[in-house]
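Enquirer: Can you look at this prediction? I've put the sequence above it.
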Amino acid sequence: MSLFELLPSLKGVLVSRSFDPALWPVVIHSSGTDLFIGGTALRAESLRHTTGFFIDAAGEPRCPTTDECHPASLMDSARRVLVTRIIAAHVTGGRALVRVDAALPQTTAIADVAFVGVGLTGAAMADITVVDTTGHRRTVHAELPAGAIATATLVIALRPVADRAVADQAVVGTHGPRAASPSSCMESPGGRR
């Protein structure tokens, strides 16, 4: 039995979202079901763009589209928050698959997501897989609203990851050529651990 079944009066209550500053490089606050950076309402701003865009701490879009951002500048704090629209969503078994209208930089991972226009009442922690326009998938364990729908706005906090080629080279240089496979990284000089 859920809390809402025990106390039906809670169904109309809006739950405010909090944003961990360790994950979100900009200050975000919520009002109702909308999110704001500076004085910019993210849902309204997302409707002015044809694809996803990065936004800075003042709420100003920094790249009209993710395709127009220079890759070297993507990881400064002004470009680590991506605002994009959901073009398809499928929720089943406590997991969600969400397709978005933007290409995420390949050298990033998702730190957190926030759904705009959807209340948090009934939200649960879930694995959310985001599929971008290039078909790349990234999964994050985050709050999934009960009413996550296509055409909603998704705000994504990105974090940089090491360049895969550099990381692979470092592993090969340390442990020999077999270290490229995940299972071989479990070996020690005296055999398997």
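Expert: Done, it's in.

Enquirer: Okay, strands next: where are they in this structure?
Expert: Under the criterion DSSP state E, strands of the chain are mapped to 28-31, 34-37, 40-41, 53-55, 61-63, 81-92, 95-100, 108-116, 124-131, 137-144, 153-160, 187-188, 191-192.

Enquirer: so which of those strands comes closest to residue 19?
Expert: strand 28-31 (4.7 Å; C-beta to C-beta). All C-beta atoms are positioned from the backbone trio N, CA, C, and that covers glycine.

Enquirer: Partner strands of the closest one and their direction?
Expert: strand 34-37 (antiparallel) (DSSP bridges).

Enquirer: Just the buried positions in the partner strand, please.
Expert: 35, 36, 37 (16 or more other C-beta atoms under 10 Å).

Enquirer: Please apply the same query to stretch 48-63.
Expert: Per 16+ other C-beta under 10 Å, stretch 48-63 contains these buried residues: 49, 51, 52, 53, 54, 55, 56, 59, 61, 62, 63.

Enquirer: Nearest residue to residue 26 in space, please, no chain neighbours.
Expert: residue 57 (4.3 Å; C-beta to C-beta, 6 or more residues apart in numbering).

Enquirer: per-residue confidence for the one you found?
Expert: Note on residue 57: pLDDT of 77.

Enquirer: Lowest average confidence across helices and strands of the chain, where is it?
Expert: When the helices and strands of the chain are compared on mean pLDDT, DSSP states H and E, strand 187-188 comes out lowest with a mean of 39.

Enquirer: before we move on, the earlier item: please name whichever of the buried residues of stretch 48-63 scores lowest on pLDDT.
Expert: For the buried residues of stretch 48-63, the pLDDT minimum is residue 63, 73.

Enquirer: these two touch, right, that residue and residue 53?
Expert: Yes. In this structure residue 63 lies within contact range of residue 53 using C-beta atoms under 8 Å: 5.7 Å.

Enquirer: May I have stretch 136-145 exported as PDB, CA atoms only?
Expert: Provided in PDB are the C-alpha atoms of stretch 136-145 (Å, rounded to 0.1, in the frame of the first residue of the first chain):
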ATOM      1  CA  HIS A 136      24.600   6.600 -27.900                       C
ATOM      2  CA  ARG A 137      23.100   5.500 -24.600                       C
ATOM      3  CA  ARG A 138      24.000   6.700 -21.100                       C
ATOM      4  CA  THR A 139      22.300   5.500 -18.000                       C
ATOM      5  CA  VAL A 140      22.000   7.300 -14.700                       C
ATOM      6  CA  HIS A 141      20.200   6.300 -11.400                       C
ATOM      7  CA  ALA A 142      18.000   9.300 -10.700                       C
ATOM      8  CA  GLU A 143      14.400  10.500  -9.700                       C
ATOM      9  CA  LEU A 144      11.900   9.300 -12.300                       C
ATOM     10  CA  PRO A 145       8.500  11.200 -12.100                       C
END
